[in-house]
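**Q** What would the 3D arrangement of this be:
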Amino acid sequence: MLNTYVEVICYKSKRLSNGEFPLMLRITKAGKRKYVSLGVSIDERFWDFKKCRLKNNCPQREVLEKLIESKRHEYLDTALEMMAGKQEFTASSLAKKVDRKHFSMTVEDMYQKIILDLQHTKSLGNKEVYVYSHNSLLEFSRRSLDIPFIDIDSEWLCKYELWLRNKHLKDTTISILFRTLRSVYNKAIEAGAVKQEHYPFTSFRMSRLDTKTKKRAISKEAILRIAAMDLSQHDHYTTLAKDMFMFSYFGAGINFSDMALLKHSNIKDGRVHYIRKKTGKPISFPLLNEAMQIIAKYYNPKKNSDDYIFPILNRKAHLSEQQKRDRIRKVLKAVNNRLKIIGKMAGIEHLTTYVARHSYATVLKRAGVSVEIISETLGHSSLNTTQIYLDSFENSQIDKALENLK
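**A** Purely as a prediction, here's the structure:
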């Protein structure tokens, strides 16, 4: 026996903004119910609540009745198909089965679309994040993502999280993978590939995966210790590592990629003018003596205005965006490896190029510079990002501030 009931009801528990009530299909299986919207609503005057049907005076009654019967039979026919295939199902899984038939864009399709769009816009950094997420999901799903988005529910997400943790990935990596997947799901909703009502991240708490960014700033005294170090007896990458670190600190916290892309044409009237690669924001800052000395160290009179300042990129060898990106990443890895060595020599843990950027922001904050100005010089798109960079006030500063309460 089918033991599955599909009825249409006027859902009086939810009055819409137009004063009408939505028509819903009520699917009942083994005592469990699932409500599915028909996408239409009516005035309660046109519904017979005792007989659960439209009244004869209902406008467009014939059209609505055809829609209702079509939907009822679609669910009943699907239930029969599942029974014939000896598939166990519930009211909810039956509703999902029917929904799958209406959406042709799969998870694989959406990922490929996003990756292709990022390739065309040359957003290579973002592209790599989505490629990494895609490959992770491919491995988890055993090499196939030709599934509808409706298959990704909270249970599916829990299994994916457990799988990632069994691979002993860091919390930050797991957080990135889930935030990327959530972004893809949101884009799928926008594209009409899945309904909002199936959104799984409401019941699956993403807040558990959030990881606080570790403060990476060091004191001004520690910065000056690094500046005073004599590394002339060390290899090229070690001296380059120190120079890039110090140039970032004295150069308004400029990050490594933007330093690598600096050309002689970016320097005018004692200032550096450039467009931040990540956000596209124009930035200008004055060249302090310390920064000018570093540039002078790498200056070559034979170079023209289109040549890069630092010995990282070659305009004749690194032509495409991908070639530039690959080269910058390779040198950055070598520079950060040398900074670890420099850090140990100076008694500083976890020294990287980003420590210079964070330290620049924190030193300015402690000097009383407003967060808005610091954010502008860093080229951040929002103040929230800047707040992450800024170290918390030291206890001595808090103690001194509280004295004003007396």
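
**Q** ok, for R357, nearest residue in space, not its chain neighbours?
**A** Leaving aside its sequence neighbours, R357 sits nearest to G253 (Cβ to Cβ, 6 or more residues apart in numbering; 4.2 Å). All C-beta atoms are positioned from the backbone trio N, CA, C, and that covers glycine.

**Q** what's the answer for P282, then?
**A** Spatial nearest neighbour of P282, chain neighbours left out: I275 (5.5 Å); criterion: Cβ to Cβ, 6+ apart.

**Q** hang on, the earlier thing: helix, strand or coil for the residue nearest to R357?
**A** coil (DSSP: H, G, I helix; E, B strand; the rest coil).

**Q** by contact count, what packs against the one helix or strand K340 maps to?
**A** Assessed by DSSP states H and E, K340 sits inside helix 321-346. Packing contacts for helix 321-346, counted by 3 or more Cβ pairs under 8 Å, 6 or more residues apart in numbering; DSSP states H and E, involve helix 124-140, helix 220-227, helix 236-250, helix 256-261, helix 353-366.

**Q** Pipe these into TSV and attach distance to K34 and mean neighbour count per row.
**A** Listed next are those as TSV, based on distance: least, Cβ to Cβ, whole Å; neighbours: other Cβ atoms under 10 Å:
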stretch	distance to K34	mean neighbour count
helix 124-140	27	17
helix 220-227	61	15
helix 236-250	57	22
helix 256-261	51	21
helix 353-366	50	22
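
**Q** Output the ones you listed in TSV; the columns should cover mean pLDDT.
**A** Formatted as TSV, the helices and strands packed on helix 321-346 follow (pLDDT from 0 to 100):
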stretch	mean pLDDT
helix 124-140	92
helix 220-227	91
helix 236-250	94
helix 256-261	95
helix 353-366	87
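
**Q** what number of residues lie near the residue nearest to R357?
**A** 26 (other Cβ atoms under 10 Å).

**Q** do the same with A188
**A** 27.

**Q** Could you pull up the residues touching it?
**A** 105, 107, 110, 149, 194 (Cβ atoms under 8 Å, 6 or more residues apart in numbering).

**Q** measure stretch 51-63 end to end?
**A** Terminal residues of stretch 51-63 lie 19 Å apart, using Cα to Cα, to the nearest Å.

**Q** Report the distance from it to the chain centre.
**A** Taking Cα atoms, centre = their mean, to the nearest Å, the mean C-alpha location of stretch 51-63 is offset from the chain mean by 48 Å.

**Q** in that stretch, what counts as buried?
**A** By 16 or more other Cβ atoms under 10 Å, the buried positions in stretch 51-63 come out as 53-54, 58.

**Q** which one among the residues you listed gets closest to S133?
**A** L54 (47.2 Å; Cβ to Cβ).

**Q** Regarding the closest one, what are the backbone dihedral angles?
**A** Taking degrees, to the nearest 10, you get phi -70, psi 150 for the backbone angles of L54.

**Q** what's the answer for R315, then?
**A** phi -60, psi -20.

**Q** okay, now it: neighbour count?
**A** By other Cβ under 10 Å, the residues close to R315 number 13.

**Q** Check S154 too.
**A** 13.

**Q** ditto for E197
**A** Neighbours of E197 (other Cβ under 10 Å): 12.

**Q** ok so, going back, just to check, the residue nearest to P282 is in contact with S284?
**A** No: in terms of Cβ atoms under 8 Å, I275 does not count as a neighbour of S284; the distance is 10.4 Å.

**Q** What pLDDT is listed against S381?
**A** As predicted, S381 sits at a pLDDT of 65.

**Q** returning to what we had before: what sits against the residue nearest to R357?
**A** Going by Cβ under 8 Å, 6+ apart, G253 touches 356-358, 360-361, 377-378.

**Q** for those, which one is nearest Q322?
**A** Nearest member of the contacts of G253 to Q322, counting by Cβ to Cβ, is R357, at 24.6 Å.

**Q** Tell me if I'm right that that closest one and G379 touch.
**A** No: using Cβ under 8 Å, R357 makes no contact with G379, being 10.4 Å away.
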